[in-house]
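**Q** here is my input, please return the structure:
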Amino acid sequence: MISVEEALDILKKNVLRSTIEEVDLSQALDLILAEDLTSPINMPPFDNSAMDGYALNMIQASTSFEIIGEIQAGSKGDITLESNQAVRIFTGALVPKTANTVIQQEWAKVEGNQLTFDREIETNKNIRREGEQIKAGAVAMKKGQLLNPAAIGFLAGLGIEKVNVYSSPKVAVYCTGDELIEAGNTLEPGQIYESNGKMLIASLAKYGFHNTSLHKLPDDFNLTYEALNKGIKENDIVLVSGGISVGDYDYVGKAFQKIGVEEVFYKVKQKPGKPLFAGNTKDTFVFGLPGNPASTLSCFYNFVLPYLNQFKGGAFKGLRKVNLTFDGEYSKKGERAEFLKAIANENSVSLLGHQSSAMLDSFAISNCLIYIDKDIIEVKNGDTVPVFLID
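**A** Numbers count the residues shown, from 1 in each chain. Here you go, the predicted model:
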């Protein structure tokens, strides 16, 4: 059995890498850029007005201007302003080359075609200059950048239609057990509603992994082997919830052996989630997750998520870690590291009840996990503890 830190280090060194593909920018959300992108244009592509108002050719301390026209956004704006002339202009409209300032309409007084202002005005105001945001040929976005909505909007504004990205991993989720049934059916004695699979699919989607599928495995070795053998051949990453232990009806480990999955590690000195398995074939990485719901989700956050992020071209990074002041008292039993469901505020963190690996109700309202190292036995009120934030 290895430590949490050893398991993470081993995983980081065994990440299989995603392939690179060209996709339409509209399909690139949550993917990671696989190359530096340079801007094909200046942005803005022309001098434009930062607000609705008046563009002026202001000579010295002019106080009165002649209005000679109007420029709206999208028009060519091919107007030449002589000294102390002005045009009505709107936000985003092209500023004439002969204008040297734009003054907001709230300051303006208009009588006929004569324009004055109720306060002192200055040159070089409220003009967004050509290339002010980025020059043509400059690096617009670097390799490794996550393409979030703002990034997609920025690149679209530069006229970029397609990007090379690390492809989204194809992830298959398998849940084991004849006792699992779907919601909508009546529970018979010994049955429970399936939840881990739906929880994992939702977790994957939350962090930008949408190329997923969900499957159920019966308590039958041959059927388990056939399903997993097919899934490992067809997916980049396989997550199996339950069936990895050594019970009479735990067939997942045996199926992995027959398929030829090479063990990376098995069992981590942690609570919850000790029976965590990681392994790979030539082209696919496999996680055998514990069957208890809180154990499954804890292992996803702490081990699967950083693996997935590095696989698709990012850093080996899971939940964001901060240090907070512990509010309460806690004594750890045993020598395993612990991940505890908790509520964090700006400066402190406190434990929730129902820490059992079988209970999700407290996980549903938690916003973080407190990490208690294997060497720490007791945490006192006011101690500083590492906390992983669930965004």
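
**Q** mind listing what Asn367 touches?
**A** When contacts are counted by C-beta atoms under 8 Å, 6 or more residues apart in numbering, Asn367 touches 342-344, 389-390. In this view, the C-beta of every residue, glycine as well, is placed from N, C-alpha and C.

**Q** just the buried ones from these, in ChimeraX syntax?
**A** Here is the ChimeraX command that picks out the buried ones among the contacts of Asn367, judged by 16 or more other C-beta atoms under 10 Å:
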select :342,344,390
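
**Q** contacts made by the helix or strand bottoming out on mean pLDDT in the chain with the rest, please.
**A** The helix or strand of the chain with the lowest confidence, counting by mean pLDDT, DSSP states H and E, is strand 180-181 at a mean of 86. Residues from elsewhere that reach strand 180-181 (C-beta under 8 Å, 6+ apart): 187, 191-194, 216.

**Q** I'd like the residues you listed as CSV, with pLDDT, neighbour count and secondary structure appended.
**A** As requested, the contacts of strand 180-181 are exported to CSV (pLDDT from 0 to 100; neighbours: other C-beta atoms under 10 Å; DSSP: H, G, I helix; E, B strand; the rest coil):
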residue, pLDDT, neighbour count, secondary structure
Leu187, 90, 11, coil
Gln191, 91, 14, coil
Ile192, 90, 10, strand
Tyr193, 91, 13, strand
Glu194, 91, 18, coil
Lys216, 94, 16, strand
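
**Q** of the residues you listed, just say which sits nearest to Arg128.
**A** Glu194 (54.6 Å; C-beta to C-beta).

**Q** excluding chain neighbours, what is closest to the closest one?
**A** Leu180 (4.1 Å; C-beta to C-beta, 6 or more residues apart in numbering).

**Q** show me what the one you found bridges to in the sheet.
**A** Ile192 (DSSP bridges).

**Q** so Ala183 makes contact with Tyr193?
**A** Yes: when contacts are counted by C-beta atoms under 8 Å, Ala183 is listed as touching Tyr193 (5.3 Å).

**Q** quick revisit: nearest to Phe117, out of the contacts of Asn367: which one, please.
**A** Looking across the contacts of Asn367 and measuring by C-beta to C-beta, the closest to Phe117 is Leu389, at 50.5 Å.

**Q** what are the phi and psi values at that closest one?
**A** phi -80, psi 130 (degrees, to the nearest 10).

**Q** so who does it touch?
**A** 319-322, 344, 367-368.

**Q** how long is stretch 50-69 end to end?
**A** End-to-end span of stretch 50-69 (C-alpha to C-alpha, to the nearest Å): 18 Å.

**Q** which residue is the nearest non-sequential neighbour of the spatially most central residue of the chain?
**A** Centroid-nearest residue in the chain: Tyr207, 4.8 Å away (criterion: C-alpha atoms, centre = their mean). With sequence-adjacent residues excluded and distances taken as C-beta to C-beta, 6+ apart, Tyr207 is closest to Leu305, at 6.1 Å.

**Q** and if you look at Arg119?
**A** In space, Arg119 is closest to Trp107, 5.9 Å off (C-beta to C-beta, 6+ apart).

**Q** if I look at the one you found, how far off is Leu308?
**A** 54 Å (C-beta to C-beta, to the nearest Å).

**Q** same thing with Glu263?
**A** 20 Å.

**Q** higher neighbour count, these two?
**A** Remark: of Glu263 and Leu308, Leu308 carries more neighbours, 27 against 14, as counted by other C-beta atoms under 10 Å.

**Q** list the contacts for the more buried one?
**A** Counting by C-beta under 8 Å, 6+ apart, Leu308 touches 169, 171, 204, 207, 209, 237.

**Q** okay, and which of the residues you listed map to helices?
**A** Leu204 (DSSP state H).

**Q** sorry, back to before: isn't the residue nearest to the centre of the chain right up against Tyr307?
**A** No: here Tyr207 lies out of contact with Tyr307, judged by C-beta under 8 Å, at a distance of 11.6 Å.

**Q** pretty sure Pro45 sits against Arg128.
**A** No: using C-beta under 8 Å, Pro45 is not in contact with Arg128, being 10.6 Å away.

**Q** find residues that contact each of those two.
**A** Common neighbours of Pro45 and Arg128 (C-beta under 8 Å, 6+ apart) do not exist.

**Q** great, nothing more from me.
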